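Novice: sequence below, structure please.
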Amino acid sequence: MTSFIQQWLTFFSADPVLRLIQGALLLFGTVAVYLVCYVTRDIILRTRSFLYQLGSILLVACLPVAGFFLYLLMRPARTIKQREIEQTTAEILKLLTEKALLEEDNVYEEMTITPAMFKEKILALSVPNL
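Specialist: Okay, the predicted model is just below:
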């Protein structure tokens with residue numbers, strides 16, 4: 001088992017200090033690649049602007065840790081999907097409001113509500129049937 005591990009660790013130096021530096025560089029490189037992949041995925045979900053996408057990816061690729069924090073400050077607040085859902089919800093709400101107003105106008109044209117009828121409706125809604 002130890003020969004198997006040593007076979008894969010031959011690219012590390014025999015000197016412990018150099019081995020520590022090599023391990024730290026390997027860790028930093030792994031984190032940098034992860035940050036670039038994360039930003040690439042995130043910015044593609046948040047905007048369709050190619051220049052904005054390219055600028056964000058290059059910022060994180062050139063300045064891995066500091067660029068990532070700068071990216072978090074300047075990225076769009078919502079994803080494209082969230083903006084589309086908000087827009088669709090607003091349209092549906094507008095249509096429902098218009099429909100309710102039209103129905104409300106028709107109800108008032110057909111009948112008038114007296115105070116006694118209103119009180120009766122309120123009591124019917126507030127007192128549960130036992």
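
Novice: please count neighbours and contacts with C-alpha atoms only from this point.
Specialist: Fine.

Novice: mind listing what's buried along whichever strand or helix holds L102?
Specialist: Per DSSP states H and E: L102 is located in helix 80-110. The neighbour-count check on helix 80-110 (16 or more other Cα atoms under 10 Å) flags I80 as buried.

Novice: please apply the same query to stretch 3-12.
Specialist: Buried, per 16+ other Cα under 10 Å, within stretch 3-12: nothing.

Novice: now do stretch 38-53
Specialist: Neighbour count says stretch 38-53 has 39-40, 42-47, 53 buried, by 16+ other Cα under 10 Å.

Novice: from start to finish, how long is it in a straight line?
Specialist: 12 Å (Cα to Cα, to the nearest Å).

Novice: give me the pLDDT for T114.
Specialist: pLDDT, T114: 65.

Novice: check E103 too.
Specialist: 70.

Novice: tell me how far it lies from T89.
Specialist: 21 Å.

Novice: returning to what we had before: just checking, what packs against the helix holding L102?
Specialist: helix 16-46 (3 or more Cα pairs under 8 Å, 6 or more residues apart in numbering; DSSP states H and E).

Novice: tell me what the helix it packs on is packed against?
Specialist: Short answer (3+ Cα pairs under 8 Å, 6+ apart): helix 16-46 packs on helix 50-62, helix 64-74, helix 80-110.

Novice: okay, buried residues for that helix please.
Specialist: Going by 16+ other Cα under 10 Å, helix 16-46 has these buried residues: 32, 35-36, 39-40, 42-46.

Novice: please apply the same query to stretch 63-70.
Specialist: 64-65, 67-68.

Novice: for those residues, give me JSON lines that also has distance to F11.
Specialist: Output for those, formatted as JSON lines (distance: Cα to Cα, whole Å):
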{"residue": "P64", "distance to F11": "25"}
{"residue": "V65", "distance to F11": "26"}
{"residue": "G67", "distance to F11": "30"}
{"residue": "F68", "distance to F11": "30"}
